[in-house]
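Peer 1: Mind folding the following:
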Amino acid sequence: MTTPPPPPGPTPPPGCPAHRLYGPEAEADPGALYEKLRAEHGAVAPVLVQGDLPAWLVLGHRENLDVARTPSRFSRDSRRWRDMQEGKVPPDHPLTPIAAWQPVCNFQDGAEHERLRGAVTESLERLDRRGIRRYVTRFANQLIDAFADSARADLVRDFAEPLPMLVMTQLVGAPESYGPRLVEAARDMIKGTETAVASNAYVTEALEQLVARKRAQPGRDLTSWLLEHSTSLTEAEIIEHLRLVLIAAFSTTANLIANALRLVLTDRRFRASLSGGHMTLPDALEQVLWDEPPLSAILGRWATGDTMLGGQRIKEGDMVLLGLAAANVDPEIRPDLTVPVHGNRSHLAFSGGPHECPGQDIGRAIADTGIDVLLARLPDLELAVPEDELRWDSSLMSRQLVALPVAFTPRGATVTSATPLPGTGAAQPLPEAAAAPAPGPQDRSPVRDSWWSRLVGRR
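Peer 2: Predicted coordinates:
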């Protein structure tokens, strides 16, 4: 009798079922789930993602670096995903929008990846770092002015979320009037509201208009430098990479700012070290990047052939998830999590290898400068609710504070209040999609319709 071959994909040991990375358990406490998986499986664990599709979650720090640094074994090209090849990831699957292959640098390997990423990184490197901090200071003060007299604020909604996008709007060369609307559109897309499709259309049209404007009148900004780059990017490539930069900067930097401010408000030792000069703000941000990275996991890599990783047999076409948050607390490199890691940038908050985040220093500058301005303006910030009442949204890839309500002594606006936040006064016309209603059922794309809500399991 012939023994049937083992089923493809991750196979947990007998009596040790794969855990879902979605649903109540995963969303309630992702960190606890990671440690349960580490205890059961070691550095690499079989898991299930949306639709109970099998995958491998990499928990070990060394193993994550191994995956990130060897695209010859673990490709970024999702067309290698066996489940997608077999039709198990249809267009309306919740992972399709973030896993389906796209002609952008983070879905490429080899020469094409180098071409596209080179254009992005070389253009980002031309940005004036001192100019970035001036933008951050200006917009941080304007945001604070909007609530400085009220004695209360939500630092997620009123500060952490809008600040990165307002700054990035300037860096890509968009009119200031676009800033607030892009903040709303990005928030809408990520949270998967009923108007997410219209918001996506707005972002696309805004970037199309921006590229057309910069082609006619170039400036000293990211869009103009992508247009003139020697790789001769197509207009579609420029638009898609601008979208990638904007949305990535918005979501990760907003999360970093919110996580750092939460620690300042809830951990007295952390705040005392910061205010007493025992720890600089950049040091504090690195500690946050170790303990609460903006992205907890990255989807994904795909095995180019049968291989071994962390004692597990990975088959060709298997999906592999980089477990950034789990890797950062790997006991092999951090046996005592109470020991500070000041000045140590060997965390994986920005991934690693050829796909490591190219804009991480810009994100650090926005967070560092923005928090510095906030704490200088409102030094007596206090959490306005008990810490255990703070709520989080968790998904496959991140864990985000829903709100961070604070109270403080009203301080009054600064002179920056004479210049209203862009978009609050006379503004240049925005694309029509900015006011587009939520599409009707007959207009909705099965891929784009509230895709993020399906990803995080919220309806």
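
Peer 1: Please report how far S78 lies from H342.
Peer 2: Note on S78: its distance to H342, by C-beta to C-beta, to the nearest Å, is 38 Å. Where C-beta positions appear, they are placed from N, C-alpha and C, glycine not excepted.

Peer 1: Just want to know which of the two has more residues nearby.
Peer 2: S78 (21 against 15; other C-beta atoms under 10 Å).

Peer 1: what's the pLDDT at the more buried one?
Peer 2: S78 is assigned 94 on the pLDDT scale.

Peer 1: ok, now which ones touch the nearest residue to R82 once chain neighbours are set aside?
Peer 2: Excluding the flanking residues, the one nearest R82 by C-beta to C-beta, 6 or more residues apart in numbering is G317, at 3.0 Å. For G317, the contact set (C-beta atoms under 8 Å, 6 or more residues apart in numbering) comprises 8, 80-83, 85, 302-303.

Peer 1: Just want the phi and psi numbers for G317.
Peer 2: phi 90, psi -10 (degrees, to the nearest 10).

Peer 1: low-confidence ranges in this structure?
Peer 2: 1-17, 190-194, 196-197, 277, 413-459 (pLDDT under 70).

Peer 1: 50 instead?
Peer 2: Scanning the chain for pLDDT under 50 picks out 1-6, 15, 415-459.

Peer 1: What is the neighbour count of the nearest residue to R129 once chain neighbours are set aside?
Peer 2: Closest residue in space to R129, ignoring its immediate chain neighbours: A365 at 6.5 Å, by C-beta to C-beta, 6+ apart. A365: 21 surrounding residues under other C-beta under 10 Å.

Peer 1: any idea which element A365 lies in?
Peer 2: Per DSSP states H and E, A365 falls inside helix 360-377.

Peer 1: Same check on S273?
Peer 2: helix 268-275.

Peer 1: buried set for the next helix or strand after that helix?
Peer 2: If you walk from helix 268-275 toward the C-terminus, the next helix or strand you reach (DSSP H and E) is helix 281-291. By neighbour count on 16 or more other C-beta atoms under 10 Å, the buried set for helix 281-291 is 281, 283-291.

Peer 1: How about residues contacting helix 281-291?
Peer 2: With contact meaning C-beta under 8 Å, 6+ apart, helix 281-291 is reached by 256, 259-260, 263-264, 270, 273-274, 279, 328-329, 334, 337, 340-345, 347, 349-350, 364, 367-368, 371-372.

Peer 1: Buried ones among those residues?
Peer 2: The buried subset of the contacts of helix 281-291 - by 16+ other C-beta under 10 Å - is 256, 259-260, 263-264, 270, 273-274, 279, 328-329, 334, 340-341, 347, 349-350, 364, 367-368, 371-372.

Peer 1: picking that back up, would you turn the contacts of G317 into CSV with distance to I98, neighbour count and secondary structure?
Peer 2: Putting these into CSV (distance: C-beta to C-beta, whole Å; neighbours: other C-beta atoms under 10 Å; DSSP: H, G, I helix; E, B strand; the rest coil) gives the following:
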residue, distance to I98, neighbour count, secondary structure
P8, 22, 14, coil
R80, 16, 21, helix
W81, 12, 25, coil
R82, 18, 19, helix
D83, 14, 22, helix
Q85, 18, 11, helix
W302, 14, 23, strand
A303, 19, 22, strand
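
Peer 1: and the gap between L182 and A146?
Peer 2: Taking C-beta to C-beta, one finds L182 at 17 Å from A146.

Peer 1: Of those two, give the one with the bigger neighbour count.
Peer 2: L182 (28 against 17).

Peer 1: Apart from its chain neighbours, what residue comes closest to R187?
Peer 2: Nearest non-adjacent residue to R187, counting by C-beta to C-beta, 6+ apart: E161, 6.1 Å away.

Peer 1: Next one: the one you found from P180, what distance?
Peer 2: 11 Å.

Peer 1: So for those two, which sits in the more crowded spot?
Peer 2: More crowded of E161 and P180, by other C-beta under 10 Å: E161, with 26 against 18.

Peer 1: I'd assumed A254 was in contact with that one.
Peer 2: Yes - contact criterion C-beta atoms under 8 Å: E161 and A254 qualify, at 4.7 Å.

Peer 1: Contacts only, for V136.
Peer 2: Per C-beta under 8 Å, 6+ apart, neighbours of V136: 163, 167, 365-366, 369-370, 373.

Peer 1: Give me the angle between the lengthiest helix in the chain and helix 268-275.
Peer 2: Looking only at the chain and at elements set by DSSP state H, the helix with the highest residue count is helix 235-266. Helix 235-266 and helix 268-275 are oriented at 110 degrees to each other (axes from the mean of the first three to the mean of the last three C-alpha atoms, to 10 degrees).
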